[in-house]
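Engineer: Here's my sequence, what's the structure:
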Amino acid sequence: MEYIHAAILLHKAKKPINEENLTQVLTAAGINADPIRMKALVASLAEVNIEEALKAPASFMAVAPASTAAVPATTAEAKPAEEKKKKEEEEKKKEEAAIEGLGALFG
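Structural biologist: You can find the predicted model right below:
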């Protein structure tokens, strides 16, 4: 994330986002810059309009519904487990009742 933050900082300062500038920002922050990661970031940001990306909250909004959708999914998974336990308890009660009924026949 620090590489992306450095790129955004450079963008806000209206400086070119290149490996040299990224290195300077990261070094100033006390981070040892990885040249491979910087090359990958510079290459990937070459075709991105950063101003548009910062204005568009759609990428962040897509994350929120997905995370809230995960909560009902886990709840839905818990329901079958509860139903299974209830069915097992009912079966045990039926078996006990059947055993008691047999005991009454021979009692």
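Engineer: What about the residue nearest to P35 when sequence neighbours are not counted, how many residues nearby?
Structural biologist: Counting by Cβ to Cβ, 6 or more residues apart in numbering, E19 is the residue found nearest to P35 once chain neighbours are left out, at 7.0 Å. C-betas here are computed from N, CA, C, even on glycine. Other residues near E19 come to 13 when the count uses other Cβ atoms under 10 Å.
Engineer: how about the helices in this structure?
Structural biologist: Secondary structure of the chain (DSSP state H): helices at 2-12, 19-28, 35-45, 50-55, 58-61, 63-106.
Engineer: hmm, back to that, show me the contacts for the residue nearest to P35.
Structural biologist: 35, 38-39, 42 (Cβ atoms under 8 Å, 6 or more residues apart in numbering).
Engineer: one step back: could you tell me the least trusted of the helices of the chain?
Structural biologist: The minimum mean pLDDT among the helices of the chain belongs to helix 58-61 (a mean of 53).
Engineer: Thought V42 was touching I4, still the case?
Structural biologist: No - I4 is beyond contact range of V42, at 11.7 Å (criterion: Cβ atoms under 8 Å).
Engineer: on that earlier part again, highest neighbour count among the contacts of E19?
Structural biologist: Most surrounded of the contacts of E19: other Cβ under 10 Å gives M38, at 21 neighbours.
Engineer: could you measure that residue against Y3, distance?
Structural biologist: Look at M38 and Y3: by Cβ to Cβ, to the nearest Å, they are 7 Å apart.
Engineer: just N18 next, same as before
Structural biologist: Applying Cβ to Cβ to N18 and Y3 gives a distance of 13 Å.
Engineer: Leaving out sequence neighbours, find the closest residue to N18.
Structural biologist: V42 (6.0 Å).
Engineer: Might you report the residue contacts of the one you found?
Structural biologist: When contacts are taken as Cβ under 8 Å, 6+ apart, V42 is in contact with 17-19, 22.
Engineer: 10 Å instead?
Structural biologist: 3, 7, 16-22 (Cβ atoms under 10 Å, 6 or more residues apart in numbering).
Engineer: For K79, see how far away it is.
Structural biologist: From V42 to K79 the distance is 49 Å (Cβ to Cβ).
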